[in-house]
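Visitor: With the input below, show me the fold.
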Amino acid sequence: MSNAVQPLLAITMGDPAGIGPEVVLKALAHIDVYKRCRPLVIGDRRILERAAGWLGRAIQFDIVADPAQGFYEPQRVTLLDMENAPPDTVPVGQETAVAGAAAVDYVFRACDLAMAEAVDAVVTAPLNKAAMNMAGYQYAGHTELLTERTAAERVSMLLIGPNLRIVHVSTHVALREAIERVTPERVADVIQIAYDACRALGITHPRIAVAGLNPHASEGGLFGDEEARRIEPAIRAARARGLDVSDPQPPDTVFLRATKGAYDVVVAQYHDQGHIPMKLLAFDSGVNVSYGLPIIRTSVDHGTAFDSAGKGIAAESSMLAAIDVAVQMANARRADVALAPG
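Guide: Numbers count the residues shown, from 1 in each chain. Next up is the predicted model:
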């Protein structure tokens, strides 16, 4: 795609019964978004019009079949209308197979456009895992869906907040399985992903903290030996490659130290270890990145919030942050391509 224009972002509408349509419209009401990117919404016009009613707004749409056809002007929503979510079959705030299938269709289309280089990045509003499974898609979430769709081999969830970055060894699995997934090979992969992700965000020399698995990072073996057997070998291998990586850090203090500037990114060993501090510190402004995909994908770091849907009260701050991170990563990728030899 041309470097002469702002990055083109495919923004999926999310589950039609949740707050996704609302936060997308609220985010695109910010005129400055159009100064940084060209936003293409992938969704259903009827659902967006329903959401506009909750907000007391009249929305003008620019319906396109090809991203290159859009004008991407403020006060208008450029939309690839999938026409797959009739409002009478998608009750607000309820899990349905129709809504689950529609939400997956939006992600598939956005992913395929990104793989074809028709868009620079994908930004996703939340889907509902139960509705998605009701529709026959047995994925734990966006990351797993996109990993399969793109045939990616090494993907991790990266969380980004105003002063904290976290990448996970595992995410949507039972805690027992999460412990089993802490292997030297997987930890080594995620340390490298953390390094690469920081570089993609413009951090030249990333300082990487690795959280321990056990309380106090096992306190020298008093509370388990996973740190010595499974985590430290990966750290030694990363250091041998020249990476700046900490010893296993006590999980109850490492995230605080990172927010105070000691580290650029923290490797968390499982879902809740990383998500709890991020949601505590940046619930309304956190961003989720599927790092390791061949495409750029960022997302809001909140769910469909069915209890809030239809009330016009959902905050768009996480969507705005997800757009900003996508723009940052797309511009960095363009710069890398421009500087590549040959």
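
Visitor: and the longest helix belonging to the chain, which residues are buried?
Guide: What stands out as the longest helix in the chain, according to DSSP state H, is helix 317-339. For helix 317-339, a neighbour-count test (16 or more other CB atoms under 10 Å) marks 317-331, 333 as buried. For every residue, glycine as well, the C-beta is placed using N, CA and C.

Visitor: any idea how far residue 118 is from the closest residue to residue 5 other than its chain neighbours?
Guide: If the residues on either side of it in the chain are set aside, residue 5 comes closest to residue 38, at 6.9 Å by CB to CB, 6 or more residues apart in numbering. According to CB to CB, to the nearest Å, residue 38 and residue 118 sit 12 Å apart.

Visitor: Can you pull the residues that touch both of the two?
Guide: residue 8 (CB atoms under 8 Å, 6 or more residues apart in numbering).

Visitor: Need the distance between the two termini of stretch 237-254.
Guide: 21 Å (CA to CA, to the nearest Å).

Visitor: show me where the chain has helices.
Guide: 20-28, 33-36, 45-55, 97-115, 129-134, 142-150, 175-180, 184-200, 226, 232-240, 251-259, 271-282, 317-339.

Visitor: Let me know which of those helices is tucked in deepest.
Guide: helix 20-28 (a mean of 26; mean count of other CB atoms under 10 Å).

Visitor: Please parse the protein into its domains.
Guide: The chain breaks down into these domains under automatic domain parsing: 1-152+293-342, 155-287.

Visitor: which residues touch the worst-scoring helix or strand of the chain on mean pLDDT?
Guide: Every helix and strand in the chain was compared by mean pLDDT, DSSP states H and E; the lowest is helix 317-339, with a mean of 86. The contact list for helix 317-339, computed with CB under 8 Å, 6+ apart, reads 3, 6-7, 9, 11, 23-24, 26-27, 30, 33, 36-37, 39, 120-125, 160, 200-202, 284-289, 296, 298-302.

Visitor: Buried by neighbour count, from these: which ones?
Guide: Judged by 16+ other CB under 10 Å, buried ones among the contacts of helix 317-339: 6-7, 9, 11, 23-24, 26-27, 33, 36-37, 39, 120-125, 160, 200-201, 285-289, 296, 298-302.

Visitor: Nearest to residue 56 among the buried residues of helix 317-339?
Guide: Among the buried residues of helix 317-339, residue 319 lies closest to residue 56 (CB to CB), at 19.1 Å.

Visitor: What's the separation between the residue lying closest to the closest one once chain neighbours are set aside and residue 91?
Guide: Among residues not flanking residue 319 along the chain, residue 27 sits closest, at 4.2 Å (CB to CB, 6+ apart). According to CB to CB, residue 27 and residue 91 sit 24 Å apart.

Visitor: Now residue 13: closest residue in space that isn't a chain neighbour?
Guide: Residue 13's closest residue in space is residue 43 (CB to CB, 6+ apart), at 2.8 Å.

Visitor: show me the contacts for the one you found.
Guide: 12-14, 16, 21, 24, 79-82, 85, 106.

Visitor: Ok, residue 34 next?
Guide: Contacts of residue 34 (CB under 8 Å, 6+ apart): 6, 72-74.

Visitor: hmm, try it at 7 Å
Guide: 72, 74 (CB atoms under 7 Å, 6 or more residues apart in numbering).

Visitor: can you check residue 152 too?
Guide: 292-294.

Visitor: How much space separates the residue lying farthest from the centre of the chain from residue 269?
Guide: Within the chain, residue 222 marks the point farthest from the mean C-alpha position, 36.5 Å out by CA atoms, centre = their mean. To residue 269, residue 222 is 18 Å away according to CB to CB.

Visitor: Cool, thanks, talk later.
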